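J.: Just to be clear, the model below is a prediction. Sequence and coordinates:
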Amino acid sequence: MNQLMLSPAETFAANMNTQAAKAKMPLWRLIQLGIMAGAFIALAAAGSNVVMHSISNVGLARLAGGCVFPVGLMMIVFVGGELFTGDCLMGNACFAKKCSVLDVVRLLVVVWFANFVGSLMIAYLVYFSGQLGYTNGLLGAFTIKVGLGKATMAPGAALASGILCNIFVCGAVLLANASKSAAGKIWGIFFPIMIFVVSGYEHCVANMYYIPAAILAAGNPEYVGIATETYGLSADAIAQGLTWKNFFLHSSPWVTLGNIIGGMVVMGLVYFIAYKKNLVEE
């Protein structure tokens, strides 16, 4: 299109070729980059909780969190990382027959678990750093509230929210691909990610921090007491809702499926059909 950015068709073609190359990426590198991406998103999630926890107005709190969270994806784009939600765009490479269905499944499964490892490491580091004790333990209580809401979300809501989330995340990835300048990539990432955070949509990798961090915080009676007093949560609801069973069997499957649909179908297949001639010729 011009010297500053690619056209939409060129953007999808460039992203497709990048994704196709991942089919040949060594497993060890995929795991390493997946762990780093999970860590970056977890750090962004932790930072968002810090800026949000003492703001009583929900809209302003989410706006503040939305201004912080994009840093996670910026770090992935600029220094490298494999993020599950962005990698859902690998479906385009498969549709164009540049890689197999097995290649896509391998990438997504490995990256999902690698992202989880990276996020979990940050959750433990944040917990043991004492950060959750900010504002006399209010941050720990807020972490519990956020994690509990995500861990106990109804399946249909989690699925729909996951779809909506990855429309924005994959959009941010594509906008970063479209721009040829660092500033353009930063702004291309910032606004879509800010909107998804402000809207409260569900991101399976971010939840790999939010829910485990809440499970850890729920082990501290002080944080539980503050959550009960401040947010009206019962100790029983916290104990029953914040479990690894809920994370792995109730929350993550539906959010992950929604993210796949949002990335692979809405932002992948729909645009593959629209730009098929350009993509197949690449």
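T.: Done, it's in. Since the model is a prediction, treat every value here as computed from it, not as a measurement.

J.: Ala20 falls within a helix, correct?
T.: Yes. According to DSSP: H, G, I helix; E, B strand; the rest coil, Ala20 belongs to a helix.

J.: so who does it touch?
T.: 90, 93, 96, 98-99 (C-beta atoms under 8 Å, 6 or more residues apart in numbering). The C-beta positions use only the backbone N, C-alpha and C, and glycine is treated the same way.

J.: before we move on, what about Tyr201?
T.: Contacts of Tyr201 by C-beta under 8 Å, 6+ apart are 161-162, 164-165, 168.

J.: what does Asn49 give?
T.: 65, 139, 142-143, 146, 210, 213.

J.: So which of those is the closest to Leu125?
T.: For these, the minimum distance to Leu125 (C-beta to C-beta) is 10.2 Å, reached by Ala213.

J.: Please identify the buried residues of the lengthiest helix in the chain?
T.: Ranked by number of residues, the top helix in the chain under DSSP state H is helix 101-129. Within helix 101-129, the residues scored as buried using 16 or more other C-beta atoms under 10 Å are 103-104, 106-108, 110-116, 118-123, 126-127.

J.: What segments of the stretch 1-150 of the chain are helices?
T.: Along the stretch 1-150 of the chain, counting by DSSP state H, counting those that start in this stretch, helices occupy 8-21, 27-52, 58-68, 70-79, 84-87, 91-95, 101-129, 134-151.

J.: so which of those helices comes closest to Lys180?
T.: Among the helices of the stretch 1-150 of the chain, the nearest to Lys180 by C-beta to C-beta is helix 8-21 (10.5 Å).

J.: now the closest one: mean pLDDT?
T.: Averaged across helix 8-21, pLDDT comes to 93.

J.: and that helix, which residues are buried?
T.: Quick answer for helix 8-21 (16+ other C-beta under 10 Å): 9-13, 15-16, 19-20.

J.: could those residues be laid out in JSON lines, adding distance to Phe196?
T.: Formatted as JSON lines, the buried residues of helix 8-21 follow (distance: C-beta to C-beta, whole Å):
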{"residue": "Ala9", "distance to Phe196": "25"}
{"residue": "Glu10", "distance to Phe196": "25"}
{"residue": "Thr11", "distance to Phe196": "19"}
{"residue": "Phe12", "distance to Phe196": "20"}
{"residue": "Ala13", "distance to Phe196": "25"}
{"residue": "Asn15", "distance to Phe196": "19"}
{"residue": "Met16", "distance to Phe196": "23"}
{"residue": "Gln19", "distance to Phe196": "21"}
{"residue": "Ala20", "distance to Phe196": "26"}
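
J.: ok, of these, which one's closest to Asn220?
T.: Closest to Asn220 out of the buried residues of helix 8-21 is Gln19 (41.7 Å), distances taken as C-beta to C-beta.

J.: Leaving out chain neighbours, which residue sits closest to that closest one?
T.: In space, and not counting its chain neighbours, Gln19 is closest to Met90: 4.0 Å by C-beta to C-beta, 6 or more residues apart in numbering.

J.: Over to Gly118?
T.: In space, Gly118 is closest to Gly38, 2.8 Å off (C-beta to C-beta, 6+ apart).
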